[in-house]
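Trainee: sequence? don't have it. structure:
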């Protein structure tokens, strides 16, 4: 099982919860008030509610359904309907290994998360969803390269460097294969790049998305 | 009472006016209209007030009747915002951008809003067309808010919220009612969160207060980690 990038660190502020999907794994990824990131199976052990609908209180994630509170270690420590009860340690969602590195949140659902080593000094541009298969997306990225094909830093997950005409420093594009025909593209760039160039990159990746999705629609 | 609002609690457009009034601390008289199932907005008395048969309808104390939601937001800000920040008359470039996003808000209503009416009240619509349209507008909004973030700007048209943010907020926030979750739109999520943090923010069914801003009402949590 590979370690997948599931989001940009800046897109998960303290006290926020987001949903991430990696194949058959549905996850609630959340950040506590002090900044600790956790990735759990998206299912409250109590009644099966998606924990991504929950809310953060301090260092706990609370389920939206009955307010059961889970600590960063995953243990239920408070049940509003039974405030005097100490919940058993068995009341705990499945926890996944999560690491923040290079401005990305990386998750491995089966073993310890081992992020791909990326160049130093990267800053986030954006994450965006592309509804197509990986080969079509990489092909679309490839056509925008002034000097031939994209260079792969990693194949699983697919991480490539992406050169653009106007910008001397290349961008890094980490592609999360969320579901069949559903990719999430996380784009980062060297921090020396100006805001104007970041916006140009953001628009370029949108243009790549239009190309890839239209190629994918024609093929089906 | 500075105006009268023909109002329906589940309408995103009516909520825009209730929200703007609350943010500006303005009181008004609300007249509940039985939009569903009564179709009262299509009844003769209401058609006499607003031949378009839409909600909301805003009537000012001097008798002016406004039927376009975005115009009501502008009227409210002009009348009740002495700081001139919600309708930024002192900045020509910004006010141009505000008008641009007021127009965009109508596209949100025509796509996400229509899909929501279909999901909730079985309104007959071209589902494929409005679904495609909803994705197009939400992606546009996401890209714009991404660019604003790159430029260190928090809101749609600058570093303060305007009527444009209020105009675009409800149907974006309500898109889960139409089956479109916010998972794919991180910049939109941040902006929605920011808007829900504004002093004077009020809720509607489908748009709730932020839990972190809620006072722990009556219950206390013993654990020291909280």
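Mentor: Thanks, I have the structure now. Owing to the predicted nature of the structure, the values given are computational and were not obtained by experimental measurement.
Trainee: the lengthiest helix in chain A and chain B in contact?
Mentor: Secondary structure assigned by DSSP state H gives helix A:195-219 as the longest helix of chain A. Yes: counting by CB under 8 Å from any CB of the partner chain, chain B has neighbours in helix A:195-219: A:195, A:198-199, A:202-203, A:206. For the C-beta atoms, the positions are set from N, CA and C on the backbone; glycine is no exception.
Trainee: tabulate those residues (TSV), appending neighbour count.
Mentor: Converted to TSV, those look like this (neighbours: other CB atoms under 10 Å in any protein chain shown):
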residue	neighbour count
A:195	12
A:198	25
A:199	18
A:202	20
A:203	13
A:206	18
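Trainee: starting at the chain centroid, how far to the longest helix of chain A?
Mentor: Counting by CA atoms, centre = their mean, to the nearest Å, helix A:195-219 is centred 19 Å from the centre of its parent chain.
Trainee: what comes up buried for it?
Mentor: Using 16 or more other CB atoms under 10 Å in any protein chain shown as the test for burial, helix A:195-219 gives A:197-202, A:204-206, A:208-209, A:211-213, A:215-216.
Trainee: write out the residues of chain A neighbouring chain B.
Mentor: By CB under 8 Å from any CB, the part of chain A that sits against chain B consists of A:7-8, A:11, A:13, A:15-16, A:18-19, A:55-60, A:62, A:69, A:71, A:77-78, A:80, A:83, A:125-129, A:195, A:198-199, A:202-203, A:206.
Trainee: can you flag the buried ones in those residues?
Mentor: By 16+ other CB under 10 Å, the residues of chain A next to chain B give A:7-8, A:11, A:15-16, A:18-19, A:55-60, A:62, A:69, A:71, A:77-78, A:125-129, A:198-199, A:202, A:206 as buried.
Trainee: low pLDDT regions in chain A?
Mentor: Within chain A, the stretches with pLDDT under 70 are A:1, A:165-169.
Trainee: chain B too?
Mentor: For chain B (pLDDT under 70), the answer is B:1, B:215-226.
Trainee: apply 90 and report the result again.
Mentor: B:1-2, B:209-226 (pLDDT under 90).
Trainee: tell me the domain ranges of it?
Mentor: B:3-80, B:92-196 (automatic domain parsing).
Trainee: centre of the chain to the longest one, how far?
Mentor: Right, domain B:92-196. 9 Å.
Trainee: from one end of that domain to the other, what's the distance?
Mentor: End-to-end distance of domain B:92-196 (CA to CA, to the nearest Å): 27 Å.
Trainee: one more: the shortest one?
Mentor: Across domain B:3-80, the terminal residues are separated by 12 Å (CA to CA).
Trainee: again, but for stretch B:8-28
Mentor: 14 Å.
Trainee: that one: which residues count as buried?
Mentor: Buried residues in stretch B:8-28 (16+ other CB under 10 Å): B:8, B:10-21, B:23-24, B:26, B:28.
Trainee: next one: that stretch to chain centre, how far?
Mentor: Relative to its chain's centre, stretch B:8-28 lies at 8 Å (CA atoms, centre = their mean).
Trainee: same check on stretch A:87-101?
Mentor: With CA atoms, centre = their mean, you get 18 Å for stretch A:87-101.
Trainee: can you check stretch A:29-38 too?
Mentor: Put simply, stretch A:29-38 sits 14 Å off its chain's centre (CA atoms, centre = their mean).
Trainee: any buried residues in it, and which?
Mentor: A:29-32, A:37-38.
Trainee: now, which of those residues sits nearest residue B:80?
Mentor: residue A:31 (37.5 Å; CB to CB).
Trainee: what about residue A:103, neighbour count?
Mentor: 20 (other CB atoms under 10 Å in any protein chain shown).
Trainee: and the gap between it and residue A:12?
Mentor: 11 Å (CB to CB, to the nearest Å).
Trainee: any chance you could map the helices in chain A?
Mentor: Under DSSP H, chain A gives helices at A:134-142, A:195-219.
Trainee: what's the angle from the first one to helix A:195-219?
Mentor: Per axes from the mean of the first three to the mean of the last three CA atoms, to 10 degrees, the angle that helix A:134-142 makes with helix A:195-219 is 140 degrees.
Trainee: now find how far off-centre helix A:134-142 is within its chain.
Mentor: 20 Å.
Trainee: other SSEs contacting it?
Mentor: If contacts are counted by 3 or more CB pairs under 8 Å, 6 or more residues apart in numbering or on different chains; DSSP states H and E, helix A:134-142 sits against strand A:158-162, strand A:171-179, strand A:182-190, helix A:195-219.
Trainee: buried residues in stretch B:135-151, which are they?
Mentor: B:135, B:137-139, B:141-150.
Trainee: next secondary structure after the biggest helix by length in chain B?
Mentor: When chain B is parsed with DSSP H, its longest helix is helix B:127-150. Using DSSP states H and E, the helix or strand that directly follows helix B:127-150 along the chain is helix B:163-173.
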